[in-house]
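S.K.: Curious how this folds, go ahead:
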Amino acid sequence: NRSAMNLTILYGSATGNAEHIAKDLGKSINEHKLPSSSCAFTSATVLEMDQFKRKKIFESWSSPPSDNAKYTKHALVAVCSTTGNGDAPENAGRFVRFLKRKPPATLSASP
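M.R.: Okay, here's the model as predicted:
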């Protein structure tokens, strides 16, 4: 028996195609249109990629659970188009810069 988890779907879209795909996936999960035997997700949250920081997604995931708290699994799907010459859409620019940054020392592998 797999433990169910929430799925966070982040999208970056200039023309709306990636946004539409992300929202359709989220709707399928939230309305339980996917067979429960093939879907480990109980719910989905759909956000623009640049909302990840304002919603403090990674901060909540990086804090360890307390001794009494049940372990929580997290899942993330990124749906993103490109624009121009392979550039990120406007609503994904901050997220792309975040991914390119060097990880903090606490996440880096020890030498």
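S.K.: how much space between residue 26 and residue 100?
M.R.: Distance, residue 26 to residue 100, by CB to CB, to the nearest Å: 26 Å. The way it works is simple: take the backbone N, C-alpha and C, and place the C-beta from them, glycine included.
S.K.: Which one of those two is surrounded by more residues?
M.R.: residue 26 (22 against 7; other CB atoms under 10 Å).
S.K.: Now do the same contact list for the more buried one.
M.R.: Shown in contact with residue 26 (CB atoms under 8 Å, 6 or more residues apart in numbering): 7, 9, 44, 45, 46.
S.K.: Retrieve the pLDDT associated with the third one.
M.R.: pLDDT recorded at residue 44 is 90.
S.K.: Contact partners for it?
M.R.: Counting by CB under 8 Å, 6+ apart, residue 44 has contacts 6, 7, 8, 9, 25, 26, 29, 30.
S.K.: closest to residue 80 among these?
M.R.: residue 9 (10.9 Å; CB to CB).
S.K.: hey, what's that closest one bridged with?
M.R.: For residue 9, the beta-bridge partners are residue 46, residue 77 (DSSP bridges).
S.K.: Quick check: it vs residue 39, distance?
M.R.: Going from residue 9 to residue 39 by CB to CB gives 13 Å.
S.K.: higher neighbour count, these two?
M.R.: Comparing residue 9 with residue 39 by other CB under 10 Å, the one with more neighbours is residue 9, at 21 against 16.
S.K.: wait, isn't that one in contact with residue 45?
M.R.: Yes. Counting by CB atoms under 8 Å, residue 9 does reach residue 45; the two are 7.0 Å apart.
S.K.: State the three-state secondary structure for residue 22.
M.R.: helix (DSSP: H, G, I helix; E, B strand; the rest coil).
S.K.: Going by secondary structure, the closest residue to it other than its chain neighbours is in what exactly?
M.R.: Among residues not flanking residue 22 along the chain, residue 11 sits closest, at 3.7 Å (CB to CB, 6 or more residues apart in numbering). Per DSSP states H and E, residue 11 falls inside strand 5-12.
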